[in-house]
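# Here is a sequence together with a model predicted from it:
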Amino acid sequence: MVKGQNIICISSIDWDFVWQGHQEIMSTLAKNGNRVLFIENTGVRAPNLRDIQRLRKRIINWFKSIKGFRLEIENLYVYSPIILPFPYSRIARWVNKYMLITPIKRWMRAMEFYNPIVWTFLPTGTALDIINNVDRKFLIYYCIADFYELVGNPKKVRKTENELMRESDLIFAQGEILKEKCRQFNDNVYIFPFGVKIETFDNFQNMAENIPSDIRNIRRPIIGYIGGIHRHIDFKLIRFMAERHPEWSIVLIGPIQTDISEISNLGNVFLLGKKDFSSLPNYINEFNAGIIPYNKSKYTATVFPTKLNEYHAMGKPVVSTDLPEVANFNARNDNLILVADTYEKFVDCILKTLNSGRSELINKRIISARKNSWTARIDEMCNLIEDALKKKARGPFDWQENFLRFYVASRRKIFRIGTFVLITYLLLFYTPLVWFIASPLKISQMPEKADCIVVFAGGVGELGRAGQGYEERVERAVELYRKGYAKNLIFVSGFSYIYKEPYIMKTLAVSLGVPSEAILLEENGINTYQYIYFLKQGLRQNNWQKILLVSSPFHMRRSSLVFKKNAPKIKVIFTPVTHSVFYRHGGYDEKGRKIFKQIDSEQIKAIMHEYLGIFYYYFKGYI
């Protein structure tokens, strides 16, 4: 068996999910002296409401661990990554790549976890990103399902799976159909259906006190099912059985993963939920027959139902719908499973098993389970891995392959980064995206008669340079003054550049025809919060309660929030500059040519400044 290796497992299930081959293989390899990093499911489809509990548990596991990493058993570490749950989105994949790769590489450095064997159950782009960004020595793909049938857009997973199959050093397939698919891209394909952990069933002791309490009082005969309660189960078949034979008790054991309304109102159907793997023998021992009630579909055509080995390990008869991999199993195991292609025949097969308890059949079932034990499976897998590792190590051009792989991966990385930068640049500067993001900052109202017009000066302006921004604000205030909306103007600024800014603003307003006596100056304050703090005192002295506020259009949101908390009695009409030169964008140039660039870096900087200002004011308690 493989020993002394570092192994990264990219799993298609979480560690705490129903115990399957993923956990069994990796825990066995860890017990045999290998170090294993088990990366929990990163997804093959977008999540839905049924996944909320699983996502919640993932988040809990992340916080309970050290940045998502935890030691589960000796030599086996589980990583519960927090990523964007959109496995086929290009943007999400780019983000996830860095959310996954960076912590994995840090953990590998800290653990001196070098030159690992990578063993993946997932054929997704996210899995490929992990595979292509670790310096691996060997790649194994365990093809356990036809993922094309599990996703909404099979073209996307087909592309990444084809690439994975070409790159893999070894491929293990659940059955003949999956093997033939993989053989189109790789010659090193071997069939390995999931096995059974026979030791758990060998240690079973048939004593009354071992009967679980939730099945002890259920009426016999019990027709039982072990596994996930998922959408591939034929619930109409379950209902047919329950209604045709109300004297039967149909017991389903496993986590509910789909809508069960078809059977939820049946009095002789019992859903006992997920059970610890070690307790399964106690439940199966109470079954009179085990069933595999799967729908026939393109997906189940490739599925090997591992629960049949668990039933057989306890000597129980099995009835199944007509699945290709069940037929293959029967061909190798003397037709031990009764197969039915109609509901009526399924029921007849169960009746047949209930009336037959021959000891020789019980022994045959137990022997078949032993032949399909995980111990035997993993030994065979490890022999293939060791042989392939030796051949790879002897390869005369191994260094060239490694160098070329590194070169290709680096080139791919540069291309992806370049593409990401280009798309980001185009989104920022050549689409209205930033203006859409900035739109909540703007508040503009129709002017009304007010006690005065208040102008917040530009300070260092939108450009971040002294003397910028106040001119158009003064012009807007003078326009409102001329239209008779107020008889007084207040210029607010505490900034000084050779001359104090309020005096410069007053000079400009007077030159535009506003009487000097109609202008008040507020010279204190160097930010919006201080402007309003000192302005409030001046308004109170003049008994003014309604103002028109003039400032930059994108400064209005922050101003409104400060007014709301610190001067709630003042009624503010927001009348910003209507045509800001600084924020002008799009349209046509002097020669009549359309301007495709929608924004420049200075405008982005100003918008970011406003949002950062709002966050800063929130933490300071100003808003």
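That came through fine.
# do you know how far L428 is from L512?
L428 sits at a distance of 38 Å from L512 (criterion: CB to CB, to the nearest Å). Every C-beta, even on glycine, is put in place using the N, C-alpha and C of the backbone.
# Which neighbouring elements make contact with whichever strand or helix holds C9?
Secondary structure assignment for C9, by DSSP states H and E: strand 6-10. Packed against strand 6-10 by the contact rule (3 or more CB pairs under 8 Å, 6 or more residues apart in numbering; DSSP states H and E) you find helix 21-31, strand 35-39, strand 117-120, helix 125-132.
# Which among those is found nearest to I229?
With CB to CB, the closest approach to I229 among those belongs to helix 21-31: 19.1 Å.
# what comes up buried for the closest one?
Using 16 or more other CB atoms under 10 Å as the test for burial, helix 21-31 gives 21-30.
# And the pLDDT for T42?
With respect to pLDDT, T42 scores 84.
# Also the one 4 residues further on?
Here, the pLDDT recorded for A46 equals 58.
# Over to F456?
On the pLDDT scale, F456 is placed at 92.
# what pairs with it across the strands?
With DSSP bridges applied, the residues forming beta bridges to F456 are V492.
# what about it, how many residues close to it?
A count of neighbours around F456, defined by other CB atoms under 10 Å, yields 26.
# Surely it and S551 touch.
Yes - the criterion here is CB atoms under 8 Å, and F456 meets it with S551 at 4.1 Å.
# list the residues that contact both of the two?
A shared contact of F456 and S551, defined by CB atoms under 8 Å, 6 or more residues apart in numbering, is any residue touching both; here these are 473, 559.
# re earlier: for N265, which of the helices and strands packed on strand 6-10 is the nearest?
Proximity to N265 (CB to CB) singles out helix 21-31 among those, at 34.6 Å.
# Tell me which residues are up against the closest one.
Contact partners of helix 21-31, identified using CB under 8 Å, 6+ apart, comprise 1-2, 5, 7, 9, 11-13, 15, 36, 38, 73-76, 119, 121, 142, 144, 194-195, 197, 306, 374-375, 378, 381.
# Weed out the non-buried ones from those residues.
Of the members of the contacts of helix 21-31, the ones counted as buried by neighbours, 16+ other CB under 10 Å, are 1-2, 5, 7, 9, 11-13, 15, 36, 38, 75-76, 119, 121, 142, 144, 194-195, 197, 306, 374-375, 378, 381.
# Report the residue spans of the stretch 1-150 of the chain with pLDDT below the cut-off.
Low-confidence segments of the stretch 1-150 of the chain (pLDDT under 70): 44-55, 85-88, 150.
# repeat for the stretch 401-550 of the chain
Applying pLDDT under 70 to the stretch 401-550 of the chain picks out residues 401-406, 458-469.
# Let me see the ranges of the strands in it.
452-456, 489-492, 496-497, 499-500, 519-522, 546-550 (DSSP state E, counting those that start in this stretch).
# Check which helices and strands the second one sits against.
The contact analysis (3+ CB pairs under 8 Å, 6+ apart) places strand 489-492 against strand 452-456, helix 470-482, helix 501-511, strand 519-522, helix 528-541.
# That strand: how far from the chain's middle?
In terms of CA atoms, centre = their mean, to the nearest Å, the gap separating the centre of strand 489-492 from the centre of its chain is 52 Å.
# Other residues contacting that strand?
Outside strand 489-492, the residues within contact range by CB under 8 Å, 6+ apart are 452-457, 474, 477-478, 481, 501-502, 505-506, 509, 514, 518-522, 525, 531, 534-535, 538, 547.
# one step back: I'd like the helices and strands packed on strand 489-492 written out as TSV, with distance to E161 added.
Putting the helices and strands packed on strand 489-492 into TSV (distance: least, CB to CB, whole Å) gives the following:
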stretch	distance to E161
strand 452-456	59
helix 470-482	59
helix 501-511	65
strand 519-522	68
helix 528-541	56
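# Where do the strands of the stretch 151-300 of the chain begin and end?
170-173, 189-191, 222-226, 249-253, 269-273, 289-292.
# L389: which of those is closest?
strand 170-173 (9.7 Å).
# Dump the closest one to PDB, restricted to CA.
Once non-C-alpha atoms are left out, strand 170-173 reads as follows in PDB (Å, rounded to 0.1, in the frame of the first residue of the first chain):
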ATOM      1  CA  LEU A 170      -4.400   7.500 -13.500                       C
ATOM      2  CA  ILE A 171      -8.200   7.400 -13.700                       C
ATOM      3  CA  PHE A 172     -10.500   5.200 -11.600                       C
ATOM      4  CA  ALA A 173     -14.000   4.800 -12.800                       C
END
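# Can you list the buried residues in stretch 290-310?
290-294, 299-310.
# Next: stretch 493-507.
Neighbour-count burial for stretch 493-507, counted by 16+ other CB under 10 Å, picks out 493-495, 501-502, 504-506.
# correct me, but D348 touches D341?
No - distance between D348 and D341: 11.6 Å, which falls outside the contact criterion (CB under 8 Å).
# Looking only at neighbour counts, state which of these two leads.
Shown here are D348 and D341; by other CB under 10 Å, D348 has more neighbours (13 against 10).
# and that one, what does it touch?
Here D348 is in contact with A340 (criterion: CB under 8 Å, 6+ apart).
# Work out for me the element it sits within.
Secondary structure (DSSP H and E) places D348 in helix 343-354.
# what's the average pLDDT for that helix?
For helix 343-354, mean pLDDT rounds to 94.
# List the buried residues for the host helix or strand of I607?
I607 is located in helix 601-620, with elements delineated by DSSP H and E. By neighbour count, with 16+ other CB under 10 Å as the criterion, the buried positions of helix 601-620 are 603, 606-607, 610-611, 613-614, 617.
# Can you tell me which of the helices and strands packed on strand 6-10 is nearest to G273?
Shortest separation from G273 across those is recorded for helix 21-31, at 18.8 Å, computed as CB to CB.
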